[in-house]
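A.B. asks: Quick one, fold the following:
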Amino acid sequence: MDDAKDLVLVVEDEPQMRRFLRASLGAEGYRVREAWTVADGLREAAAEHPDAILLDLGLPDGDGLDLVRRVREWSSVPVIVLSARGREEEKVAALDAGADDYLPKPFGTKELLARLRVALRHARAGAAPGSPILEAGPLRMDLERREVTVDGRAVRLTPIEWRLLTFLASHAGKVLTHAQILREVWGPNAATQSHYVRVYMAELRKKLEADPSRPRLLLTEPGVGYRLADGPRSAIHR
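C.D. replies: Here you go, the predicted structure:
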């Protein structure tokens, strides 16, 4: 970790959990800010501009998903949900709302820190100065401005769709396994959640392919994974 320590905003209403997270993060050199309601979390996020947010869903004044949606209106800060809600539908709802990862309680400190490192690495890669513009067939991605066009038509992507497409585009022409995609986009210990990839690839095809039922850009390698057709035509640095 560099000298400018990352700032993590913890939004959690349970005092014991806040103390645990404060100690665990502090021991790794992270700076920590705390909030225990949706309203407080939004104020802290706007005022402090944290590098990452750890978020509980069951907050006294509302659902943590409301905070995710509000933050996503103006920020791409990584959000990792920490929740006792473990059902698949609730995990998918959190990811669809814009969360970057979902870690059910109880969880281990090592796993939490690993997922936080992955989220911060993704954020830095997406914000790196001089990021290239990737082109593959009709697809054009401006990694710095987070803009996507297909044949000149602007396409709006969710945060996870963006990360998935960026990973595919940065390895255009190469077959990526389900495990590689899950690990890179959803983080450690997501290897058994292969349905995530199927669902989000289907959504990307609806947005990017002229005929989603006969994809020409986002190709399936049966039993293996996926690849983005055609290598990038150019990688133009600003």
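A.B. asks: and the residue lying closest to Trp36 once chain neighbours are set aside, helix, strand or coil?
C.D. replies: Distances taken as CB to CB, 6 or more residues apart in numbering place Asp13 nearest to Trp36, at 4.3 Å, with adjacent residues excluded. Any C-beta I mention is one placed from the backbone N, CA and C, and that applies to glycine too. Counting by DSSP: H, G, I helix; E, B strand; the rest coil, the backbone at Asp13 sits in coil.
A.B. asks: pretty sure Asp13 contacts Leu57?
C.D. replies: No: the criterion here is CB atoms under 8 Å, and Asp13 misses it with Leu57 at 10.4 Å.
A.B. asks: who has more neighbours, those two?
C.D. replies: Leu57 (22 against 17; other CB atoms under 10 Å).
A.B. asks: how about that one, what does it touch?
C.D. replies: Residues near Leu57 by CB atoms under 8 Å, 6 or more residues apart in numbering: Asp63, Gly64, Leu65, Val81, Ser83, Arg85, Glu90, Ala94.
A.B. asks: just checking, what's the longest helix in the protein?
C.D. replies: Scanning the chain for the helix with the most residues, using DSSP state H, yields helix 109-127.
A.B. asks: who touches that one?
C.D. replies: So helix 109-127 is contacted by 6, 8, 24, 28, 51-52, 54, 76-78, 80, 82, 100-101, 103, 143-144, 146, 162-163, 166, 187-189 (CB under 8 Å, 6+ apart).
A.B. asks: which is the next helix or strand following it?
C.D. replies: strand 133-136 (DSSP states H and E).
A.B. asks: before we move on, back to that, keeping just the C-alphas, turn the longest helix of the chain into PDB.
C.D. replies: Extracted in PDB, the C-alpha atoms of helix 109-127 (Å, rounded to 0.1, in the frame of the first residue of the first chain):
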ATOM      1  CA  THR A 109     -11.100 -11.000   7.800                       C
ATOM      2  CA  LYS A 110      -8.800 -12.300   5.200                       C
ATOM      3  CA  GLU A 111     -11.600 -12.700   2.700                       C
ATOM      4  CA  LEU A 112     -12.900  -9.200   3.300                       C
ATOM      5  CA  LEU A 113      -9.500  -7.700   2.900                       C
ATOM      6  CA  ALA A 114      -8.900  -9.700  -0.300                       C
ATOM      7  CA  ARG A 115     -12.200  -8.500  -1.800                       C
ATOM      8  CA  LEU A 116     -11.400  -4.900  -0.800                       C
ATOM      9  CA  ARG A 117      -8.000  -5.100  -2.500                       C
ATOM     10  CA  VAL A 118      -9.700  -6.400  -5.700                       C
ATOM     11  CA  ALA A 119     -12.300  -3.600  -5.600                       C
ATOM     12  CA  LEU A 120      -9.600  -0.900  -5.100                       C
ATOM     13  CA  ARG A 121      -7.500  -2.400  -7.900                       C
ATOM     14  CA  HIS A 122     -10.500  -2.300 -10.300                       C
ATOM     15  CA  ALA A 123     -11.200   1.300  -9.400                       C
ATOM     16  CA  ARG A 124      -7.600   2.400 -10.000                       C
ATOM     17  CA  ALA A 125      -7.400   0.600 -13.300                       C
ATOM     18  CA  GLY A 126     -10.600   2.300 -14.400                       C
ATOM     19  CA  ALA A 127      -9.400   5.700 -13.400                       C
END
